[in-house]
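Undergrad: 3D, please:
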Amino acid sequence: MKRKTILLLAIMVILLIGTSTSFGQLKELVIPPDFSLVSSDGDTVTLFEQQGKIVILHFWKSNWGTCHAEIPHLNKVYESYPDSLVQIFGINISDTPGKVLKEIKDYKIAYPILIGRGSSVARDYKIPSIPYLYIINQEGTVDFGEMFLVYKNINKIIDDLSNTAEPNESKDF
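TA: Numbering: from 1, shown residues only. Have a look, this model is predicted:
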């Protein structure tokens, strides 16, 4: 009986690892599709314009606690690296522009927010769950995808991609 339980647990672990959302999505999405979305400021933003930078795409929606929990970590990343090295875009996939503006104010979001509602961006990026974060390297390929990351983990990925030791304390140089 004990042996069957161990075998069953081992099979479950293998299945969980083998169907990991992050790994599965990365296999399918190596080169991210370009997009053209309007920001909360009214500017049109494309992924193509960000070539040569590390780009973090944070797919989120309002009224979702996990999405809100990630915001302080992304704010810290945004304030720690220059725009010339790292660009973060929050992509709200479900809310009206008015609701998005309220969320930006209520949660003090520092990084640019793009309006994804009514677009195919979530489908194009094969978003498996919300929130979801993609990190795209300077060469324009997906380097990492995950449901939730804290500052320390995002910082390590950026440092590995940029070969820098520590982030700057401020965007003001």
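Undergrad: Give me the mean pLDDT for stretch 56-67.
TA: The average of the pLDDT scores along stretch 56-67 is 87.
Undergrad: Flag every buried residue along that stretch.
TA: Buried residues in stretch 56-67, counted by 16 or more other Cβ atoms under 10 Å: 56-62, 67. C-beta here means a position set from N, CA and C on the backbone, and glycine is covered the same way.
Undergrad: From those residues, pick the one nearest residue 151.
TA: Nearest to residue 151 among the buried residues of stretch 56-67 is residue 56, at 11.7 Å by Cβ to Cβ.
Undergrad: Name the surrounding residues that touch the strand or helix carrying the closest one.
TA: Using DSSP states H and E, residue 56 maps to strand 54-60. By Cβ atoms under 8 Å, 6 or more residues apart in numbering, the residues outside strand 54-60 that reach it are 32, 47, 67, 70, 74, 77, 85-93, 111, 116, 122, 125, 127, 130-138, 154, 158, 161-162.
Undergrad: how does it look with 7 Å?
TA: Here strand 54-60 makes contact (Cβ atoms under 7 Å, 6 or more residues apart in numbering) with 47, 67, 70, 74, 85-93, 122, 125, 127, 130-138, 158, 161-162.
Undergrad: Now restrict those to buried residues only.
TA: Of the contacts of strand 54-60, these count as buried by 16+ other Cβ under 10 Å: 47, 67, 70, 74, 85-93, 122, 125, 127, 131-138, 158, 161-162.
Undergrad: ok, back up a step: can you tell me which of the buried residues of stretch 56-67 is closest to residue 105?
TA: The closest of those, once distances to residue 105 are taken by Cβ to Cβ, is residue 62, at 11.7 Å.
Undergrad: would you say the closest one is within a strand?
TA: No - Residue 62 is assigned coil when assessed by DSSP: H, G, I helix; E, B strand; the rest coil, not a strand.
Undergrad: how far away is it from residue 33?
TA: As for residue 62, its distance to residue 33 is 24 Å (criterion: Cβ to Cβ, to the nearest Å).
Undergrad: And the strands in this structure?
TA: For the chain, strands defined by DSSP state E occupy the ranges 36-39, 44-46, 54-60, 86-92, 113-115, 132-136, 142-146.
Undergrad: what's the angle between the third one and strand 132-136?
TA: Using axes from the mean of the first three to the mean of the last three Cα atoms, to 10 degrees, the interaxial angle of strand 54-60 with respect to strand 132-136 works out to 170 degrees.
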